[in-house]
Structures are given as C-alpha cells and as structure tokens.
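> sequence plus predicted model, see below.
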Amino acid sequence: MQFKYPEILYFLCALIVPILVHLFQLRKFKTEHFTNVKFLRELAIQTRKSSKIKKYLLLATRLLLLTFLIIAFAQPFFKGTDSQHAKNELYIILDNSYSMQAKGKKGELLKRAVQDLLEHTPEQANFSLITCSDSYWNTDIKSIQKDLQSLTYSATPFQLDQLLAKIKSHQSAFQKDIVVITDGVGLKPEQTKGIQEDEHLYFVLPEAEKTNNVSIDSVFIQKTMDRFYEIGVKLNAYGAEVEDLPIALYNNSKLVAKTMISFEGASKIVPFTIPKEDFHGYVTISDNSLDFDNQYYFSLSKPQKSSVLSIGEAEKSSFLAKIYQADEFNYTNFPLETLDYNLIDKQDAIVLNELKEIPQALQTTLKAFAEKGGNVIFIPNATSTLANCNAFLAQIGGVQFKTLTGLEKMVTTINYNHPLFTGVFEKKVTNFQYPFTKQSFTTDQSAPSLLEYNDQSPFLSAVPHGLSAVYIFTAPLNKSNSNFLLSPLVVPTFYKMGQNAQKAGITAMTIGNSTPYIVTSVIGKDEILTIQNTSERFIPLQQILNNKIKLTFQESPKQAGNYTILNNKKTIDHISFNYNRIESDITQVQDDVASDFKEISSVDHIFDTLHANRADNQIWKWFMYLTLLFLVLEVLIQKYVK
C-alpha cells in the first residue's frame, strides 16, 4: 500500500491525546454522605467494573477513529500491476472494409462496433482513430461523433500492415496501445511483424453469424458470333451449401435477361447472349449475405478493328495475314529496311518476326509503344546475337535469353488460367496434337508462361504492361524449325495477342487497382478529361501520349458503377468500376491470427481492459467509511453501555 500524501501520517502522533485523557482522570469527584452504605457496597463494585470496560471501549474506538481519519487524508492506494504503461497513447484501428457488412448477433459488424464506441468510450479519453479510408489524430469521442455516425464502407481492402505503418509514421514521445477492431478476413500473421517493442497490440475480433456468401467474380466474352456475343458471368460461392438465387442482366437501367441459378460446386459460369453493340450495364444477384459483391458493372463497346503491324520478311510473315483477316484487323507487313516508324503509334500490336538485329531506335520506340498500351510479340531468330536480343528484352520484358540448344522439344502444357486464353477452350485439353521445335533458347525469367515444353521450360511467356503485354517466344517459328504454325494453337494464340483489349473486350476496372486505362483521343494542352456518372465526378491523373491519353485512377472513384469519360461535356468513352472481391470470402479467417497478442472480448470492454491493471486502486474511501463506523460505535457506547 502506498500513500499520495504520506506526510499527513505524522498526525498519527496525535493519538497520544486520547490515551493521556484516559490515563489521567482530571475530573473531581463530589462526596455524598449516606446513613447506611451496607446495601450499596455490592452495587458500587459492579458499577466500577462496567465503567472500566466502557472507558476501554471508548479509548479503542477513538484511537481507531482518529487513525482511520488520518490515513484517509493521506489517500492510500495500491499501485497497478501495469502502471508503467498508464500514460500510453491509444490508437484504434477500425476495419470499415466491405467484409464488415457481415451480420453478427447484434447486426452488421461495423455498425455494431461504431455504436459500442459511441456508447462506451469515456468522454475525457484521448485517442486516435484510423480506418481504411480516414484518420483522426489526437481526438475524443465527442469531436468525431458525427464522423463515426456517418462512416461508410471503404472500397480499399483492410491491410493491417499499411495501417500500422501509418501509425508508426505518426511521431510520438509516448509508447502506444493499438487496438485493432476487425473481423479478421484476409488478415495474415505476417502483417503484424512490424510491431515495435513500445507498441502494445490488442485485437477485437467480432464474428459473423453466417459465413455463406455468393460473389460475382467477373464477366468475360465466352464466345464471339457474327452478330452476338455470348458473355460468361462467373460466380463464386463461399461457405456451406448455397440456396438457389436470382441473377439479372441490365443494360443501363433496362432489364435484358433474368434467371434462377443453383450451385453444384464452389463456382458457376452463367451464360448470356447480347448483341454486338455498345453495352454499358451490370449483372446483379440477391443473396442474404454481403451486398457489395452482388453487382458487377462492365462496359462493352461495339467491335472495332485492331491494327497489327508485322516487321520481318514477307515470306515468313504470310501466316499472319491468314490470321489477321480484313473483317476484324487492319494488318500490314514491312521489312525492317522499309519500316516507317511513324506507323507504330497507330497500331494495337507489333510482331517482330525473326529479325536478325533490332536497331536501338526501334527498341526505344517499342518500349514507349508498350507503355502506351500496345502489345508486342517477339519471335526470335536463331542467328541473332544474344547481346542484341537481351538488350531489347531488358527494356520491355523480364526475360533474358541464355543459349540456343539443338534439342527437339514438344509443347505440351497450356496455362488455361491466363487471360489470353479466356474463352478459347470449352474444356481443358489433356491430349492434343503437340507441336515441336528443333532449336530453342534457354531463358532466365520471372514472367509467367503461357505455353510450356514437356521439360516445363517456357515456349511462350507474357510480361504484363498495364492493359497490354509483351509476348515472347523462345524458339523461331519458321517451318524448318517448328510445326507450331500447323498446330490448332496458332490461330487462337496470335488472334488474342493481336487484339486490343479495350476495342474487343469487356472493360471492368477494380477500384484501387493501379492498372492504367488508355483512351484514344486528341486533346489540347489546357484540356482535361473528367469521369462521372449520376452520383460521382472526379478527375483522374492523365498523361498525353500523342494521340492517346493514359488515365490512372488511384483510389477514385469511391463507388462502383458505370461511368462516362468526358472532354468538355463531350463523351469520349465509357468505363466501369467494381469493388475488389478479395474480401468476398468471409470464411478465410485464421483462428490463430491474434494468438501472439492480447484479445479483448468486445468493443465495449476496450477501456476497461486497458485500465484494469494500470489504474491505481484508491482505497481512501474505505478508511472514511471505517471512520464513520467507529464514530457511530462511540455514540452507541456512550448511550447504551453503563
């Protein structure tokens, strides 16, 4: 036990006063004469005994009364077991990502957490609140009450390591208490590795009652016909068995199709047929779980011809003219000697077909072309120098050629998951007519393979460049070296590589994704493009690239939907945005995610838990109660003890 004012204990010396009073009786007795005291002797003896007991009782009560009174004024207390952290600064990380839409015992997890904070946070408590979208530094509950009440879900997924880094960058002279309120969806143990010794991490993990959820994962062109597209809508089901649910397709606000679907597995593709016209709509479902992933917005423009330029010998490039036919492509071929470099910027894809040398000027031009959203297809020449090839590949790709081998290899593996082959195969083919090559280059690369040899080395790789890609073959394709040009794979492979994704595909961007968007348009130096719909308007980052504009969106827009790209109120293009589906699976919660840290049972217990072992236990009130008790005892002794 410790005392706040220990100097008051010196007044305990005053206890000698009642002792002296009782030891030295200063009262003078008056003598009364009686005629006969024979009958009073026994009563006198009894009276003296009871009087002595009363005096001792009074002495004891007065001593204890004064003792407890003096101790009470000294304010005794028991020091908290964790009192050294009593002055820690409090930081609350509140997960307001879309997975917090899940319903717990008392409603949506986020809304319940906000309500508990409003109800149970002491008004005098100072803290900082960090969410996925906003930060409130050194505030109190009254100051941010309205902000909390109007807090909305963030399109940015919950990334604990990034939020912890934000707190770390906020300089402070005090140690930190960090309370993380999250459902734990997508939370991984490695995200907490950056915790410092002066940071105390606590977790509040509210649980959803139901973890079933159905999400619209993507929309893609499944089949192209003369006048129609067959689009596929991919849905993912998470959790236990999912009930049948309705799905509807809208073009703008007009209902195009509606049907009921049932799940036999974890995913399902629902086909719809739409005309080959401009389509700016969305797909929607209705389930009893998360709402944010029940709509998927997409834009599909009327097909436009893609422009493909082949650089190489006409004889070796003749197969390309058969693939890139005039009804869908603007195809041209030039030998390197007669190439007009001004044509490159007007193309959607460039094929380098077995060039012996790639001039430095062409390397620089193709690098800029890829950055502007154009596809580059590189077919090597067996007689090329490795230094020249690698100098070019170093600028635009993550692949380096090593040596040319004369070992015959067979192409046996197709990467069906790559976007290039989306909608190409109805099912996985395990036994097809394997093409072969007689000579091929070994490579050192980190780029994903699209086609592989039987020894798992790459035959065709793809290096992504935003909306475009650099496709790299590791072997010459001329008939003397390979029969790949006679394989059924050659047509879909080159057809998809030559297409501009924005001219012949579905546009559906993900909010928060850094992937740029290329708009073909010419604007003045003082003009800017704006993007808007009925509820939101914003200006993206934009870079003028000759006859194209590169748009980067960062964290905009805030809401998913179909948007229009405008230049001075003139419509240039249409684009769609969707929320990230990474948090659709609310079953992906690791039970041991907070095992290395303290866990608080619920939001309303945050402050009680933090102060339980840190606050000093003040006990002076108990001594005041004891003082009053002995004061009452003294009165009772005076009145009833004879």
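Structure's in. What do you need?

> make it CA atoms for all contacts and neighbour counts henceforth
OK.

> and the closest residue to residue 529 other than its chain neighbours, how many neighbours?
Among residues not flanking residue 529 along the chain, residue 567 sits closest, at 5.0 Å (Cα to Cα, 6 or more residues apart in numbering). By other Cα atoms under 10 Å, 17 other residues sit near residue 567.

> can you name the residues bridging to residue 567?
residue 570 (DSSP bridges).

> hmm, it is touching residue 530, no?
Yes - in this structure, residue 567 is within contact of residue 530 by Cα atoms under 8 Å, at 6.6 Å.

> still on that earlier bit, per-residue confidence for the residue nearest to residue 529?
Predicted confidence (pLDDT) for residue 567: 88.

> where's it relative to residue 532, distance?
11 Å (Cα to Cα, to the nearest Å).

> do the same with residue 293
With Cα to Cα as the criterion, residue 293 and residue 532 are 21 Å apart.

> who has more neighbours out of these two?
When neighbours are counted by other Cα under 10 Å, residue 293 comes out ahead of the other of residue 293 and residue 532, with 24 against 18.

> before we move on, which element is the residue found closest to that one once you drop the neighbours it is linked to in the chain in?
Of all residues not flanking residue 293 in the chain, residue 215 sits nearest, at 5.2 Å (Cα to Cα, 6+ apart). Applying DSSP states H and E as the criterion places residue 215 in strand 213-224.

> what residues does that strand touch?
For strand 213-224, contacts defined as Cα atoms under 8 Å, 6 or more residues apart in numbering pick out 229-239, 242, 271, 284-285, 287-290, 293-296, 298, 422-424, 505-506, 581, 584-586.

> mark which of these are buried, thanks.
For the contacts of strand 213-224, a burial check counting by 16 or more other Cα atoms under 10 Å picks out 229-238, 242, 271, 284-285, 287, 289-290, 293-296, 298, 423-424, 505-506, 581, 584-586.

> can you give me the helices for the chain?
Using DSSP state H, the helices of the chain run over 16-23, 41-73, 109-120, 145-149, 160-168, 318-323, 360-371, 386-396, 490-498, 501-504, 606-612, 620-640.

> out of the ones you listed, which gets nearest to residue 276?
Nearest of the helices of the chain to residue 276, taken as Cα to Cα: helix 501-504 at 10.2 Å.

> quick check: mean pLDDT of the closest one?
63.

> please report how far the nearest residue to residue 257 once chain neighbours are set aside lies from residue 259.
Take residue 257 and drop its neighbours on the chain: the residue closest to it by Cα to Cα, 6+ apart is residue 249, 5.2 Å away. Counting by Cα to Cα, the gap from residue 249 to residue 259 is 9 Å.

> returning to that earlier point: how about CSV for the helices of the chain, with mean neighbour count added?
What follows is the helices of the chain, written out as CSV (neighbours: other Cα atoms under 10 Å):
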stretch, mean neighbour count
helix 16-23, 12
helix 41-73, 16
helix 109-120, 19
helix 145-149, 13
helix 160-168, 17
helix 318-323, 16
helix 360-371, 17
helix 386-396, 17
helix 490-498, 18
helix 501-504, 19
helix 606-612, 16
helix 620-640, 15
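
> out of those helices, flag the one nearest residue 99.
Nearest of the helices of the chain (Cα to Cα): helix 109-120, 8.8 Å.

> what residues does the closest one touch?
95-96, 100-103, 106, 141, 145, 148-149, 181, 183, 206-208, 603-605.
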